[in-house]
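# okay, predicted coordinates and the sequence, questions at the end:
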Amino acid sequence: MSGITLSAGVRQNLLSLQNTADLMSTTQKRLATGKEVNSALDNPTNFFTASSLQARSNDLNSLMDSMSNGIKTLEAADNGLTAITKTLESMQSTLRQARQDKSFSTQSFDVNDKSVLSLSGGKQVDIANLSLSDSPNGKKATVTSSAAYTGPAVAASTSAATAGAGARAVINYHDDLGGSTISIDGNDITIGAFTDATDDAASADEAIADIQAGLVSAGLDSQYTVSRDTTTNAIIIESATTGKDSVAADVNLGDVTGTGAGATAASATYAFSDIQAATDVTGGGQTINANNDIDAFTSQLQEAMGDSVVVSNDGTNVTISTVATGSTALASQVQLNGPDGNEITAVSAAADGVDGATVSTMDAAVDEFSVTYGNATANITVAGGASTADTLASINSQLQAAGLTGVEASFDDDGNLSIAAKDPASKALSITGPDASAIFGSTTTDTGAAATNSEKAVDRFVEVINSEYKGQLRASNDNGKLRIENLSTQDLSVSVDKAGDGNKTTSTIGGNTVRADLANQFNELRDQLDKLADDASFNGINLLRGDSLKITFNETGTSDIDIQTKGGKSINADTLKLSDIEAKTLDSDETIDSLLGTVKDAVNTIRSQSSAFGSNLSVVQNRQDFTKNMMNTLQTGADKLVLADTNEEAANMLALQTRQQLSSTALSMASQADQAALRLF
């Protein structure tokens, strides 16, 4: 208070007491909070540094929950993989049990040397009329052509009416070809003006000469030959390649006046009811039966008229559209001549009665048939124009390529083609296909007989069955009877014509029920595998379903890990290539071995994924430990900057309390001195 005057001694003691009180207040606050620095006013540097360290520690602490959840998610996935591994091991055990099981059903039959057996079912068994050959040496199945065979009929180079040895592009001659430019396989070829356009044959020969020169210039002369049809003067461009792989030249008549610029689209529409009553179309062609099916008629007419037209229908009317060639209108190509019957004749763009130059293509002449021996089939194509040796080599090469190593083709001295088994065997050889009957006549199937060493009929049947149908059936002599063992889970039907007189007795040999039951068990385990994978989730994340788990390791998000199955694929039966199996799948030991290999691969895949997840788990756990240690370091560092030494602060408080008492005493004494001076007055 400004009105009070203190002596120097009192004031000095008062200031000392006030300072002590301030120090005591600070010390008491430190003891209460445990911190030496409680605000930026205490120590700005330490306060803000400690705050930064503590904030980072808190940020890292917020990531610990994510890491813990990640670890649990990985543990859930590992639980699933462990269970799946056990399931796969059970599947392996099931297959091994099936592999070891030999409880196949058998039945015995009375047979003699005249008996005929027919068997079907079981392990893809299809045996018709199995009998013993009159000769112990057996019989080779053989099918021979009905006449000398020289390959498919090939048209002469001077005829465009039928197919040639190579694929053909046929240009229907027109005098507009003179002075035009055409394109063959993308190469422009100029045809000079004709000397005498009224002489079609001579003009066609001039065009051929120009085309040949153009092919030489383009380097195509070895690929194509060019000739003239002596009847129609059509120009024939034939590929040097023969057979089914032969491709016709790509000919474009874009610059020919009769087909190029200026041509306009033409179309005509006919009521299908009129077509059904029509007779023919002007020009040559082929007859098509209209019947009552407009779609079938449309398809057949389109095929007959070729690519130069488009045939369509709206359910009631048939529309035929084309590009008019020169002065020729569509009406001159298609014309209905009054009701009379159910037939209509179509003419193609290259047929008689159509003006203008046109191009048509024709596949190479080939013969096609299929050879089946046992369970294997080869599709044979014979090219035209080949020598006998080349034809033979081609057929045998195709047989070998298709896996029919037990069959070969040959020609006899009369030129007849034979397809025959190399060795005697109780197998059927049959020839089918488009040209089978034309080449081989009505006899296109023959069955061989295996060679035998035994004298008794039963033993001979045993030899035949065990040699020809090994793996499908097993035969043995059961006290003079033929015992047949069905090596399958499927029923086997056996018909026995004991006397060979057509009187058959049919029996059924049941399938292996043990293997069939094991197949069902395998499928149940497979289903459980998928269910285990579906249930291995934690907090909505299932790594086994291909879900992705991202765990962040630092407060800035620059360090993290993405955890997922390899390729992001779900782990289930399908991705492990484990399919449901049928009972007959376990018929063959070889098939079971293959399945065991597949299951083993699946086990290896699961183990590999377990290893990958284990590595991921180690990374997360290491980061978790690192983060804990880092948080401890940050908190310790922050504490050292702001925490107080309580022992030191307690000692300071005691000293300050002593000082306060002394200061109070000194202040009291100073006041008493002032009072003593006042008594003098």
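Arrived safely, thanks for sending.
# how near is residue 241 to residue 247?
7 Å (C-beta to C-beta, to the nearest Å). In short, each C-beta sits where N, CA and C put it, glycine included.
# between those two, what contacts are shared?
residue 167 (C-beta atoms under 8 Å, 6 or more residues apart in numbering).
# where does the stretch 251-400 of the chain dip in pLDDT?
Applying pLDDT under 70 to the stretch 251-400 of the chain picks out residues 254-270, 274, 276-292, 304-309, 321-356.
# swap in 80 and give it another go.
For the stretch 251-400 of the chain, the stretches flagged by pLDDT under 80 are 253-293, 296, 299-310, 315-316, 318-358, 360.
# what sits against residue 441?
Taking C-beta under 8 Å, 6+ apart, we find residue 441 in contact with 145-146.
# which element is residue 465 on?
Per DSSP states H and E: residue 465 is located in helix 457-468.
# repeat that for residue 91.
Assigned by DSSP H and E, residue 91 falls within helix 44-100.
# what packs against that helix?
Under the contact definition 3 or more C-beta pairs under 8 Å, 6 or more residues apart in numbering; DSSP states H and E, helix 44-100 sits against helix 513-535, strand 549-552, strand 560-563, helix 589-642.
# closest to residue 360 out of these?
Residue 360 lies closest, by C-beta to C-beta, to one member of the helices and strands packed on helix 44-100: helix 589-642, at 51.9 Å.
# just say helix, strand or coil for the residue nearest to residue 404 when sequence neighbours are not counted.
Leaving aside its sequence neighbours, residue 404 sits nearest to residue 378 (C-beta to C-beta, 6 or more residues apart in numbering; 4.9 Å). Secondary structure state of residue 378, per DSSP: H, G, I helix; E, B strand; the rest coil, is strand.
# same question for the one 3 residues further on.
When the structure is reduced to helix, strand and coil (three-state DSSP), residue 381 reads as strand.
# same deal with residue 395?
Relying on three-state DSSP, one would call residue 395 helix.
# check contacts around the residue lying closest to it once chain neighbours are set aside.
For residue 395, ignoring the flanking residues on the chain, the nearest one in space by C-beta to C-beta, 6+ apart is residue 409 at 4.2 Å. Neighbouring residues of residue 409 by C-beta under 8 Å, 6+ apart: 392, 395-396, 399, 417-420.
# can I see the domain layout of this structure?
Domain assignment of the chain by automatic domain parsing yields the ranges 62-100+515-616, 106-136+450-511, 142-152+365-447, 166-252, 265-346.
# ok so, going back, which strands and helices lie in contact with the helix or strand just after the helix holding residue 91?
Heading C-terminal from helix 44-100, the first helix or strand you meet, by DSSP H and E, is strand 106-109. Where contact means 3+ C-beta pairs under 8 Å, 6+ apart, strand 106-109 is packed against strand 481-486, strand 492-497, strand 505-509.
# distance to residue 39, mean neighbour count and mean pLDDT added to those, as JSON lines?
Formatted as JSON lines, the helices and strands packed on strand 106-109 follow (distance: least, C-beta to C-beta, whole Å; neighbours: other C-beta atoms under 10 Å; pLDDT from 0 to 100):
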{"stretch": "strand 481-486", "distance to residue 39": "95", "mean neighbour count": "22", "mean pLDDT": "93"}
{"stretch": "strand 492-497", "distance to residue 39": "97", "mean neighbour count": "20", "mean pLDDT": "92"}
{"stretch": "strand 505-509", "distance to residue 39": "98", "mean neighbour count": "13", "mean pLDDT": "93"}
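# residue 228 is nearest to which of these?
Among the helices and strands packed on strand 106-109, the nearest to residue 228 by C-beta to C-beta is strand 492-497 (63.8 Å).
# relative orientation of that closest one and strand 505-509 in degrees?
With axes from the mean of the first three to the mean of the last three C-alpha atoms, to 10 degrees defining the directions, strand 492-497 sits at 160 degrees from strand 505-509.
# chain center to strand 492-497, what's the gap?
Its chain's C-alpha centre and that of strand 492-497 lie 41 Å apart, by C-alpha atoms, centre = their mean, to the nearest Å.
# for residue 52, grab the count of nearby residues.
Residues lying near residue 52 (other C-beta atoms under 10 Å) number 12.
# adding mean neighbour count and distance to residue 178, write the helices and strands packed on helix 44-100 out as JSON lines.
Output for the helices and strands packed on helix 44-100, formatted as JSON lines (neighbours: other C-beta atoms under 10 Å; distance: least, C-beta to C-beta, whole Å):
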{"stretch": "helix 513-535", "mean neighbour count": "18", "distance to residue 178": "75"}
{"stretch": "strand 549-552", "mean neighbour count": "18", "distance to residue 178": "77"}
{"stretch": "strand 560-563", "mean neighbour count": "15", "distance to residue 178": "74"}
{"stretch": "helix 589-642", "mean neighbour count": "16", "distance to residue 178": "69"}
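# out of those, which comes closest to residue 253?
Using C-beta to C-beta as the measure, helix 589-642 is the one of those that comes nearest residue 253, at 58.0 Å.
# same for the closest one, what does it pack against?
Secondary-structure packing of helix 589-642 (3+ C-beta pairs under 8 Å, 6+ apart): helix 44-100, strand 560-563.
# tell me the mean pLDDT for the first one?
Read it as helix 44-100. The pLDDT scores in helix 44-100 average 88.
# now the end-to-end length of stretch 370-378.
Stretch 370-378 has an end-to-end distance of 6 Å (C-alpha to C-alpha, to the nearest Å).
# buried residues in stretch 231-247?
Within stretch 231-247, the residues that qualify as buried are 232-239, 241-243, 246, counting by 16 or more other C-beta atoms under 10 Å.
# swap in stretch 541-548?
541-547.
# got the buried residues for stretch 147-163?
149-152, 154-155, 157, 159-160, 163.
# go on, stretch 183-195?
183-185, 189, 191, 194.
# thinking again about what came up before, so what's the residue nearest to residue 404 up against?
Neighbours of residue 378 in contact, by C-beta under 8 Å, 6+ apart: 370-372, 398-399, 401-404, 407.
# mind checking which of those are buried?
Buried members of the contacts of residue 378, scored by 16+ other C-beta under 10 Å, are 371-372, 398-399, 402, 404, 407.
# so which of those sit within strands?
Judged by DSSP state E, the buried ones among the contacts of residue 378 include 371-372, 407 as members of strands.
# re the thing from before, closest one of the buried residues of stretch 541-548 to residue 205?
The nearest member of the buried residues of stretch 541-548 to residue 205, counting by C-beta to C-beta, is residue 546 at 72.3 Å.
# what sits against the closest one?
Counting by C-beta under 8 Å, 6+ apart, residue 546 touches 564-565, 568-570.
# residue 78 too?
So residue 78 contacts 610, 613-614, 617 (C-beta under 8 Å, 6+ apart).
# okay if I get those residues as CSV plus pLDDT?
Below are the contacts of residue 78 laid out as CSV (pLDDT from 0 to 100):
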residue, pLDDT
610, 92
613, 91
614, 90
617, 91
